[in-house]
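In: pasting the structure only:
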Ligand SMILES: CC/C=C\C/C=C\CCCC/C=C/C(=O)SCCNC(=O)CCNC(=O)[C@H](O)C(C)(C)COP(=O)(O)OP(=O)(O)OC[C@H]1O[C@@H](n2cnc3c(N)ncnc32)[C@H](O)[C@@H]1OP(=O)(O)O
């Protein structure tokens with residue numbers, strides 16, 4: 001577990017100044033990771049040790065339960081702030097987590113929530129001091145593991161199969177959409193500026 005950062009989201013350098021076949025492969029891998037995690041028969045609990053923007057938020061939402069560290073961290077789908085769009089399966093995952101209305105506001109504004117705000121809207125289930133996040137996640141895991149596995153798994157599948165089947169049937173189209181979108185000159189310019197701004201912030 002890395003302190004302060006759960007995940008910085010997708011590595012933008014993987015789709016900045018890359019060839020179409022490279023961005024295709026990158027997106028296919030992300031779809032694979034998501035489908036495996038969201039559809040996992042295992043109990044999955046995200047111990048969110050710090051910042052969790054965009055793709056980081058998606059990974060956390062793909063789990064069954066989320067524990068987030070308190071502190072000056074943020075979580076959310078901030079794609080619009082970067083001038084890009086959250087794909088339909090990011091949107092559906094968020095709708096399944098916090099509901100339609102909150103998702104609509106959240107996505108249009110590219111909102112990044114503090115741990116307390118995220119808990120209030122149900123984006124995370126629990127907040128804990130940073131040095132206790134793993135402990136809280138473990139405690140919660142014990143509860144989940146007491147439930148008969150077959151019943152829990154079937155219930156999870158009933159709740160999640162619609163989205164899994166939808167994405168599975170549209171994978172090629174989704175890859176095509178991603179690559180044609182990120183290869184646009186205007187999007188490449190935005191991504192370049194954003195990467196520069198991250199570096200400037202650091203110096
Ligand atoms: C029709 C439409 C169809 C389909 C849709 C099409 C496309 C859109 C889909 C795309 C979905 C995108 C999802 C994403 O996840 S995009 C990434 C979003 N992430 C962010 O915005 C986070 C950016 N990072 C930060 O805010 C900070 O780094 C963070 C996480 C708060 C940590 O801060 P700090 O500890 O201070 O770390 P640094 O800022 O110093 O960063 C260190 C180093 O890493 C570089 N970096 C950070 N984040 C990223 C990143 N996500 N990708 C690439 N590089 C990143 C940063 O520039 C520094 O680099 P250096 O070389 O200077 O060390």
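Out: Nice, thanks for sending it over. The model shown is predicted, which means the values in this text are computed figures rather than measured ones.
In: for the ligand, what are the nearby residues on this protein?
Out: With C-beta under 6 Å from any ligand atom as the criterion, the chain meets the ligand at residues 5, 8-13, 51, 53-55, 78-79, 82, 84-85, 87, 177-178, 181-182, 195, 198-199, 201-202. Where C-beta positions appear, they are placed from N, C-alpha and C, glycine not excepted.
In: where does residue 164 sit: helix, strand or coil?
Out: Three-state call for residue 164 (DSSP: H, G, I helix; E, B strand; the rest coil): helix.
In: quick one: neighbours of the nearest residue to it once chain neighbours are set aside, just the number.
Out: The shortest distance from residue 164 to any non-neighbouring residue, by C-beta to C-beta, 6 or more residues apart in numbering, is to residue 39 (5.0 Å). Per other C-beta atoms under 10 Å, the neighbour tally for residue 39 reads 17.
In: give me phi/psi at residue 39?
Out: Note on residue 39: backbone dihedrals following degrees, to the nearest 10 are phi -100, psi 10.
In: wait, it sits on residue 162?
Out: No. Counting by C-beta atoms under 8 Å, residue 39 stays clear of residue 162, with 11.6 Å between them.
In: make a PyMOL selection of the buried ones in the residues of the chain next to the ligand.
Out: Of these, the buried ones go into a single PyMOL selection, burial set by 16 or more other C-beta atoms under 10 Å:
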select buried, resi 8+9+10+12+51+53+54+55+78+79+82+84+87+178+182
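In: and the spatially most central residue of the chain, what element?
Out: By C-alpha atoms, centre = their mean, the chain has its centre lying nearest to residue 58, at 1.1 Å. Assigned by DSSP states H and E, residue 58 falls within helix 55-61.
In: that helix packs against which elements?
Out: Applying 3 or more C-beta pairs under 8 Å, 6 or more residues apart in numbering; DSSP states H and E, one finds that helix 55-61 contacts helix 20-38, strand 45-48, strand 75-76, helix 88-98.
In: what distance separates the start and the end of stretch 109-126?
Out: With C-alpha to C-alpha, to the nearest Å as the measure, stretch 109-126 spans 24 Å from end to end.
In: so where's this structure shaky on pLDDT?
Out: For the chain, the stretches with pLDDT under 70 are 202-203.
In: spit out the contact partners of residue 67.
Out: Residues near residue 67 by C-beta atoms under 8 Å, 6 or more residues apart in numbering: 45-48, 124-128, 133, 136-137, 140.
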